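Q: sequence? don't have it. structure:
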Ligand SMILES: Nc1ncnc2c1ncn2[C@@H]1O[C@H](COP(=O)(O)OP(=O)(O)OP(=O)(O)O)[C@@H](O)[C@H]1O
C-alpha cells in the first residue's frame, strides 16, 4: 500500500494554496486561524489533526548490537478523542510519544510511515502540536496568571493586542479549571503554592495557549493521587471534545481514569498488544484466554498480564511451600509473561481489531485536511527579550534565596572587607597593614 499516493485523485490543499484561494488570508498558524475565525466567516478549511502511523520500528545500538525499542506499531489518532498509551515500565510508551512528535533521540533509527492529515510531517509547526513533558518546569514565585501572561507574551504574535492576549489567557485558565487559584503562586522550597494536580494542569494550560490541534502528554498523572489524576484526565478529555487530538502515555490508571480514554495502545517490550477502543481491550484479553477476574480493575489486569516483573514475584512465591501447594486458577499464574505476551500479540495481529485499525487508517487518508504552516514563537525578538528581563526581575525580587539572601550576604561581606581598611592612613606601618 502506498500511503503517500493521492487518494481518489483529490489533492489536499496546503496552507499556501488556502492563501491563494482566499486572497486576503495570510499563512496562518492554528492560533491566528482561530482568531481569524472569530472575526470573519471566510473558511480556511479543516485544520483538525488526524495522525496515522503504519509499521513503525525504532531501533538503537546497544553494546554493539542492534536492538528494537518499538516493533512494527500501527495506529491512528483522531480529533475529538483521547488515546492512552499504556504498558509496563520500559515497554516503550515515551518512545512512541517521541516518535509521533518527531522528538526521537539521535542514537535511534526509525522506519515506517507517520502521516499528519495524509502528509509526511517534518517538524511540527508553531501551534500545530504541543508536548507536555513528565516534569513541571515552572517558576515558583509567579502566580498562575502571571505564568500564563509571560508565556503568552513570549509565544503569541507580537501584533496581537494586549486585550486579545488577556482574553486568551483568562479563557485558558478557566478551561483548565485553574480560575480559583489564578492568584496563587506556583510554590517552591520556601513558598507553599499549587498542589501537584494544579501544577500539572498549569503545565498543560501553558501548552494549549497557542491552541494546538494535537497534544502529546508524557505521563500527565504521574505522582498524583487518584482524585487529582481523575481531574487532570477529565480536563484532557474536555480538550479532546473541543476538536483536539490528544495522545497521553499513562502508567497505572484507576478504573475511573481508564474509562475516560477513548482509544488504547497497549505495549509490552515494544510489541503491540492491543490497539483499538479502550472498552474493547477486555474482550481481546478474554478471546486470547486471559479474561479479567470480576473484581479486578481492567487496566490493572492488562498490565499484570504483560509485566515481566511478575515472573520474579511468582518464582519467589513458588519457592515457598505454602504457595506451591495452592491451586492455580488464574491462567496468568500458569505461564511466563513472555508466553502471555506472545499469545496476546499474535492474537491481536490476526484479530478484527488490527483489521479495523488498518481500514480506519485508509479511510483517514482519504479525508481532506490542512496542515497550517509556521515556525517557532511568533513573538518578536525584542518582545521576547523584554518579557524575559521583566520576568527575571520579578522572580529575583520575590525569591528570598535568590535575591534577598544574596543581598544580605554581599552587604555583610562588603562591611567586613571595608572595616579592614577603616582608619588606616598612608604611614609605612598602615601600608604594611593594608598589604
Ligand atoms: N535513546 C535511547 N537509547 C537507548 N535506549 C533507549 C533510548 N530510548 C529508550 N530506550 C530504551 O527503550 C526502552 C523503552 O523506553 P521508554 O522510555 O520508551 O519506556 P517507557 O515505557 O516510557 O518507560 P517508563 O514507564 O519507565 O517511563 C527502555 O529499555 C529504554 O532504556
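A: Thanks, I have the structure now. Everything quoted here is computed from the prediction, not taken from an experiment.

Q: and the contacts of stretch 274-281?
A: For stretch 274-281, the surrounding residues in contact (CB atoms under 8 Å, 6 or more residues apart in numbering) are 73-75, 84, 258-259, 261-266, 284, 298, 302, 344, 348, 353-354, 356-357. Placement of C-beta: from N, CA and C, glycine included.

Q: select from these every entry located in strands.
A: 73, 74, 75, 84, 263, 264, 265, 266 (DSSP state E).

Q: quick check: the farthest pair among those residues?
A: Pairwise distances among those were taken by CB to CB; the largest, 16.7 Å, belongs to 74 and 84.

Q: compare the two (neighbour count), which wins?
A: residue 84 (25 against 19; other CB atoms under 10 Å).

Q: quickly list what the more buried one is bridged to.
A: Legend: beta-bridge partners of residue 84 under DSSP bridges are residue 248, residue 264.

Q: assess the claim that it and residue 253 are in contact.
A: Yes - applying CB atoms under 8 Å, one finds residue 84 in contact with residue 253, separated by 7.1 Å.

Q: find residues that contact each of these two.
A: Counting by CB under 8 Å, 6+ apart, the residues touching both residue 84 and residue 253 are residue 261.

Q: who in the stretch 51-200 of the chain is up against the ligand?
A: 60, 69, 87, 89-95, 105, 107-108 (CB under 6 Å from any ligand atom).

Q: with adjacent residues omitted, what lies nearest to residue 205?
A: residue 176 (4.2 Å; CB to CB, 6 or more residues apart in numbering).

Q: again with residue 140
A: Using CB to CB, 6+ apart, the nearest residue to residue 140 is residue 188, at 2.9 Å.

Q: who does that neighbour bridge with?
A: Under the criterion used (DSSP bridges), residue 188 bridges to residue 191.

Q: check contacts around it.
A: 140, 141, 399.

Q: pull the longest helix from the chain.
A: Criterion DSSP state H: the longest helix present in the chain is helix 381-398.

Q: may I see the buried residues of that one?
A: Under the neighbour-count criterion of 16 or more other CB atoms under 10 Å, helix 381-398 has 383, 387, 391, 395, 398 buried.

Q: stretch 90-107 too?
A: 90-101, 104.

Q: report the two of the residues you listed separated the most.
A: It's 90 and 101 that sit farthest apart of the buried residues of stretch 90-107, by CB to CB, at 19.5 Å.

Q: where does pLDDT dip in the protein?
A: 1-47, 121-127, 310-334, 368-378, 433-435 (pLDDT under 70).

Q: which of the three states applies to residue 193?
A: Of the three states, residue 193 takes coil under DSSP: H, G, I helix; E, B strand; the rest coil.

Q: which ones are touching the closest residue to it other than its chain neighbours?
A: Using CB to CB, 6+ apart and skipping residues adjacent in sequence, the residue nearest residue 193 is residue 187, 1.9 Å away. By CB under 8 Å, 6+ apart, residue 187 lies in contact with 140, 193, 194.

Q: how close does residue 274 sit to the ligand?
A: 15 Å (CB to the nearest ligand atom, to the nearest Å).

Q: bridged to that residue, which residues?
A: residue 266.

Q: which residues of the stretch 101-250 of the chain fall in helices?
A: 144-155, 162-175, 196-208, 226-241 (DSSP state H, counting those that start in this stretch).

Q: of the ones you listed, which is nearest residue 427?
A: Proximity to residue 427 (CB to CB) singles out helix 144-155 among the helices of the stretch 101-250 of the chain, at 57.5 Å.

Q: so what touches the closest one?
A: 138-139, 142, 165-166, 168-169, 172-173, 178, 181-184, 186, 194, 198, 202, 205-206, 209-210, 377-379, 383-384, 387-388, 390-391, 394.

Q: now the buried members of those residues.
A: Buried among the contacts of helix 144-155 by 16+ other CB under 10 Å: 138-139, 142, 165, 168-169, 172-173, 178, 181-182, 184, 186, 194, 198, 202, 205-206, 209-210, 377-379, 383, 387, 391.

Q: residue contacts, residue 235?
A: Per CB under 8 Å, 6+ apart, neighbours of residue 235: 175, 176, 177, 201, 204.

Q: let me redo that: residue 143
A: Contacts of residue 143 by CB under 8 Å, 6+ apart are 182, 183, 184, 185, 186.

Q: nearest to the ligand, of those residues?
A: residue 186 (24.4 Å; CB to the nearest ligand atom).

Q: what's the spacing between that closest one and residue 131?
A: Using CB to CB, to the nearest Å, residue 186 is found at 20 Å from residue 131.

Q: circling back: among the contacts of residue 143, which are in strands?
A: Using DSSP E, none of those sit in strands.

Q: tabulate these in JSON lines, adding columns for distance to residue 115.
A: Conversion of the contacts of residue 143 to JSON lines gives the following (distance: CB to CB, whole Å):
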{"residue": "182", "distance to residue 115": "39"}
{"residue": "183", "distance to residue 115": "44"}
{"residue": "184", "distance to residue 115": "42"}
{"residue": "185", "distance to residue 115": "43"}
{"residue": "186", "distance to residue 115": "38"}
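
Q: who's in contact with residue 380?
A: residue 158.

Q: likewise for residue 51?
A: 76, 77, 100, 114, 115, 116, 214, 245, 247.

Q: switch to 10 Å and redo it
A: 75-79, 83, 100-101, 114-117, 121, 129, 213-214, 216, 245, 247, 364 (CB atoms under 10 Å, 6 or more residues apart in numbering).

Q: for it, grab phi and psi.
A: Residue 51 has phi and psi values of phi -110, psi 130 when expressed as degrees, to the nearest 10.

Q: any idea how far it lies from the ligand?
A: Taking CB to the nearest ligand atom, one finds residue 51 at 18 Å from the ligand.

Q: what of residue 151?
A: The value you get for residue 151 to the ligand, if CB to the nearest ligand atom is used, is 26 Å.
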